[in-house]
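Q: have a look; sequence and predicted model below, questions after that.
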Amino acid sequence: MKENEFKPYIPAEKITSEFTVTSIVIGVLLAVIFGAANAYLGLRVGMTVSASIPAAVISMGVIRLIMKKDSILESNMVQTIGSAGESLAAGAIFTLPALFLWANEGKSEPPSLLSISLIALVGGILGVLFMVPLRNALIVKEHGILPYPEGTACAEVLLAGEKGGAGAGTVFWGMGLAAVFKFLIDGLKIASGTLAIPVNFMKTTFSTQVYPALLSVGYICGIKISSYLFAGGVIGWFVLIPMIAIFGGSTVLYPAEVSIAQMYAEGGAQAIWDSYIRYIGAGAVAAGGIISLVKALPLILTTFRDSIKGLKSGTKAGNLRTQQDLDIRFVLGGIVVLMFALWLLPAIPVSFVGAILIIVFGFFFATVSSRMVGLVGSSNNPVSGMAIATLLFATLVLKMSGADGMTGMIGAIAIGSVICIVAAMAGDTSQDLKTGYILGATPKKQQIGELIGAVVSAFTIGIVLLLLNQAWGFGSEELAAPQATLMRMITEGVMGGNLPWGLILIGVFVAVVIEILSIPVLPVAIGLYLPLELSTAIMIGGILRWVIDWKFSGKNKEGDAGRGVLFCSGLIAGEGLVGILLAILAVVGIADAIDLSHIFNSGWLGGIILLIAIIACILFFARPERNGTDE
C-alpha cells in the first residue's frame, strides 16, 4: 500500500497541538509512574503489562475532561512518552538485578546509581535511534500488512476518546483501590498476603497470594495464558515436589547439603522448591526462550532482510509533516557517540569488544523486535529469548578474550541488559509510531518524545532498583526477580561451570515435551519457575476474565479498551506505587511503626476477606457500562 493511499485522522496539512508543555509534563509523570509500577510487578512475578492504553486513557481524561482541550495528538504524545517508562523498566528488570544479587552475596561491589542509570539510558536511547530509520520501511510501506495490534488498539482508544474520553475514571478507581488493599496487607499488615493449605499426604502445599496486581495480570492475560502458568505451577508443586519428597528419603542431592527428608522436615515443600525446583524451572524457561527464538528464526531472518531492503529503497523524509523523521545524521552520530560512551565511561562495565557486540546485536534485535511486534504483538515478542541468546554468546566471547571470573560476568550482564532494553524500547517505539501514523502525528516529535521518556525512565529505574534492593533485597520472597536470577545462573554456568546441570536438563526436556504437545512453552515454564502462590492468584484473575466474557458475551467490549482491562491496569499501577512507598518507609525506618499485625492478628480470615473484596471490585468494574446495551 502506498503512503498516499492512506489518510490519517489528522491530515498532514493541518497543524494542531502535539508536542506541548502539557503533553510532556503528563507524559513524564506517567513514564515515572508506570515505569516504577512495572519494575515492581516484573521483579515480583516476572511479567509486565503494556502502559500505552492506560496512559492514553488517563491523558484523555486530563486533557479533554479536566483541561477542556480538544487535541488527540497531545493525548497521543502523552502515551508515547508514558509507555517508554514501562518498556525501559521491562528491559531493565530482566537483567540488571543480577548485579545486585552478586553484591548481596558479597561477590562484587553493588552497582551505583550512576552505573545503573547510564546502562539503562544508553539502552533506551539506542532502542529509539535504531528504530528511526526503520519507520518508513515498517510503518509506512507495510501499512495494511503489519497490523501492530497494540499500536492500532491504542489509536482506536484515542479515536473513541474523541467522543468524551470515558475510561480515565476507571483507571483511577483501580489505582486508588489497589493502593488501599496493598497498604492494608503490606503496610499495616492487618491481613495475610499469602493463603496456604498443607497437603500433607502428598508432601506439598497449595497456596495463593492476596494481591490485586496478581489477579489483574491474570485478568489482562486471559484464561488461556493464566491456565498455562497455573499448569506449570501444578507440575512443580503437585508432581515434582511430591516425587522428590516421597522418593528422596536420606539422599543428599546437590546443590543441597542435607538429606531430602531432613530438608522437608525443616522447611517443607518450600525448601525443596528452593533447592531443586527453581533450577528445573530455570532450565525450562531458558529452553522455552531459545525454542521461541528458534521457531521465530525464519521470520527473524526474513524480517532483517526485508527491513534492510526497505532502508536501501529510501528512507528520505518527505516535505509533509507526517513524513518527517529525526535527521539521519543525528541518528548515526548518536549511535557512534553511544558506542564510545559504552567503552570509555568507567561507570559502564563494558569493554571495546562488548561495545561492538552491543551495536551489532542491538541493531539486529531492534530490527527483529520492531517487525515482530508488528506481526504478533508485544506480548508475544521473545525478548527474553533474545536476551538469553545474547548473554550466552557474550559470556563465551568475554571468557575467550580473557575477561573471565566476576569481571567477565558483570560485563556480560551489562551487555545483556543494554540489548534487552534496546529490544523492548524498539518494539514500544514502533507500536507508538504506528499509533501516530494512524492518527496523523509528526514522527519526528514522537521520536523526540520517546527519547524524553527514555531519559527520564533511565534515572527513575536506577532509583527504584536501589530502593527496592535496600528495602527487601532481590531474590527475596517479596522480590523474586525471576528473570534476573535466571540470567545470573546462565552467566555463572557458562563462566564457571558450577550449575546443577542434571536439574536444569530435566527442565529443558520438560519444555521440549510441552513444545511437542503444541502448548506454548514460555507461560508453562514461567509457571514452573515461579512459586505456586503467584500462578494461583494469576489463575484466579484469568477465571474472572472468563466469567465476565461469558456473562456479557456480545455486550462487553473486547480487546484492550475493555473496562476490566483498564481497571486492572489501574490496580497494577496503584499496587506498584504503594510498593515503592512501602520500600521508602522500610528504608527510613517507619515500616515497623505502622505494623499493626500484633493487634489485628487475623491471618487467614483477613486474607480471605480481602481476596473476596478484590474479586468483587474486579467483577463490578469489569461489567459493561450501563448505556442501554447491557440489559
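A: On my side now, so go ahead.
Q: and the strands in the stretch 201-350 of the chain?
A: Counting by DSSP state E, counting those that start in this stretch, the stretch 201-350 of the chain has strands at residues 204-209.
Q: what is the burial count for V565?
A: Per other CB atoms under 10 Å, the neighbour tally for V565 reads 26. Every residue, glycine included, has its C-beta placed from N, CA and C.
Q: that one - nearest residue in space that isn't next to it in sequence?
A: Nearest non-adjacent residue to V565, counting by CB to CB, 6 or more residues apart in numbering: I220, 5.6 Å away.
Q: so what's F19 closest to, chain neighbours aside?
A: The spatial neighbour of F19 that comes closest, neighbours along the chain excluded (CB to CB, 6+ apart), is K445 at 4.3 Å.
Q: and that neighbour, how far is that from G374?
A: 21 Å (CB to CB, to the nearest Å).
Q: out of those two, which sits in the busier spot?
A: G374 (27 against 20).
Q: wait, doesn't that one sit right on E150?
A: No: taking contacts as CB atoms under 8 Å, G374 lies outside contact range of E150: 9.9 Å.
Q: which residues touch the residue located most distally from the centre of the chain?
A: Distance from the C-alpha centroid of the chain peaks at S250, with 41.2 Å (CA atoms, centre = their mean). By CB atoms under 8 Å, 6 or more residues apart in numbering, S250 lies in contact with S259, I260, A261.
Q: can you check V285 too?
A: Contacts of V285 (CB under 8 Å, 6+ apart): S384, P482, L486, G507, A511, L522, A525, I526, L528, Y529.
Q: can you check the pLDDT for the nearest residue to it once chain neighbours are set aside?
A: The shortest distance from V285 to any non-neighbouring residue, by CB to CB, 6+ apart, is to A525 (4.5 Å). Per-residue pLDDT puts A525 at 85.
Q: what does stretch 400-417 contact?
A: So stretch 400-417 is contacted by 91-92, 95-96, 98-99, 102, 107-108, 119-120, 123, 348-351, 353-354, 357-358, 361, 387, 390-391, 394-395, 398-399, 487-488, 491-492, 495 (CB under 8 Å, 6+ apart).
Q: which of the contacts of V285 fall within helices?
A: Using DSSP state H, S384, P482, L486, G507, A511, L522, A525, I526, L528, Y529 are the members of the contacts of V285 that sit in helices.
Q: where does A414 fall, helix, sheet strand or coil?
A: Per DSSP: H, G, I helix; E, B strand; the rest coil, the secondary structure class of A414 is helix.
Q: against P482, how distant is it?
A: 20 Å.
Q: just R488 next, same as before
A: Between R488 and P482 the distance is 11 Å, computed by CB to CB.
Q: list the buried residues of stretch 576-587.
A: The neighbour-count check on stretch 576-587 (16 or more other CB atoms under 10 Å) flags G576, L577, V578, G579, I580, L582, A583, L585, A586 as buried.
Q: any chance of those residues in JSON lines, plus pLDDT and distance to D186?
A: As requested, these are exported to JSON lines (pLDDT from 0 to 100; distance: CB to CB, whole Å):
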{"residue": "G576", "pLDDT": "74", "distance to D186": "12"}
{"residue": "L577", "pLDDT": "75", "distance to D186": "13"}
{"residue": "V578", "pLDDT": "83", "distance to D186": "8"}
{"residue": "G579", "pLDDT": "79", "distance to D186": "7"}
{"residue": "I580", "pLDDT": "73", "distance to D186": "12"}
{"residue": "L582", "pLDDT": "80", "distance to D186": "6"}
{"residue": "A583", "pLDDT": "76", "distance to D186": "10"}
{"residue": "L585", "pLDDT": "80", "distance to D186": "10"}
{"residue": "A586", "pLDDT": "74", "distance to D186": "10"}
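Q: ok, I260 - contacts?
A: Taking CB under 8 Å, 6+ apart, we find I260 in contact with I244, A245, G248, G249, S250, T251, V252, L253, I272.
Q: now, among those, which is nearest to W501?
A: L253 (13.1 Å; CB to CB).
Q: residues touching the closest one, list them.
A: By CB under 8 Å, 6+ apart, the contact list for L253 reads I260, S275, Y276.
Q: you'd agree the last one is up against T251?
A: Just to be clear, that refers to Y276. No: counting by CB under 8 Å, T251 is not a contact partner of Y276; they are 11.4 Å apart.
Q: what about these two, which has more around it?
A: Y276 (24 against 11).
Q: measure that one to F172 for me?
A: 44 Å.
Q: likewise for G473?
A: Going from G473 to F172 by CB to CB gives 32 Å.
Q: tell me the buried residues in the host helix or strand of G354?
A: G354 belongs to helix 352-376 when assigned by DSSP states H and E. Judged by neighbour count (16+ other CB under 10 Å), helix 352-376 contains these buried residues: 353-355, 357-359, 361-375.
Q: over to stretch 320-338?
A: For stretch 320-338, by 16+ other CB under 10 Å, it's R321, T322, Q323, Q324, D325, L326, V331, G334, I335, L338.
Q: give me the residues contacting it.
A: Residues contacting stretch 320-338 (CB under 8 Å, 6+ apart): 3, 8, 12-13, 15, 122, 125-126, 129-130, 132-133, 135-136, 315, 317-318, 359, 437, 440-444, 447-448.
Q: do stretch 236-248 as well
A: So stretch 236-248 is in contact with 199, 202-206, 259-261, 264, 269, 272-273, 276-277, 280-281, 527-528, 532, going by CB under 8 Å, 6+ apart.
Q: repeat that with 6 Å
A: Identification of contacts with stretch 236-248 by CB atoms under 6 Å, 6 or more residues apart in numbering yields M202, K203, T204, I260, Y264, A269, I272, Y276, I277, L528, L532.
Q: distance from stretch 132-145 to the middle of the chain?
A: Taking CA atoms, centre = their mean, to the nearest Å, the mean C-alpha location of stretch 132-145 is offset from the chain mean by 25 Å.
Q: buried sites along it?
A: Buried, per 16+ other CB under 10 Å, within stretch 132-145: V132, P133, L134, R135, N136, A137, L138, I139, V140, K141, E142, H143.
Q: from those, pick the one nearest I235.
A: Nearest to I235 among the buried residues of stretch 132-145, with distances taken as CB to CB, is L138, at 38.7 Å.
Q: any chance of the ones in helices among the contacts of V285 in JSON lines with distance to V464 and neighbour count as columns?
A: Output for the ones in helices among the contacts of V285, formatted as JSON lines (distance: CB to CB, whole Å; neighbours: other CB atoms under 10 Å):
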{"residue": "S384", "distance to V464": "20", "neighbour count": "25"}
{"residue": "P482", "distance to V464": "17", "neighbour count": "27"}
{"residue": "L486", "distance to V464": "20", "neighbour count": "27"}
{"residue": "G507", "distance to V464": "30", "neighbour count": "26"}
{"residue": "A511", "distance to V464": "31", "neighbour count": "25"}
{"residue": "L522", "distance to V464": "25", "neighbour count": "24"}
{"residue": "A525", "distance to V464": "27", "neighbour count": "30"}
{"residue": "I526", "distance to V464": "22", "neighbour count": "28"}
{"residue": "L528", "distance to V464": "28", "neighbour count": "32"}
{"residue": "Y529", "distance to V464": "23", "neighbour count": "30"}
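Q: and which of those residues is nearest to K295?
A: Once CB to CB is applied, the member of these that ends up nearest K295 is L522, at 11.0 Å.
Q: can you verify A480 is assigned to a strand?
A: No: using three-state DSSP, the assignment for A480 is coil, not a strand.
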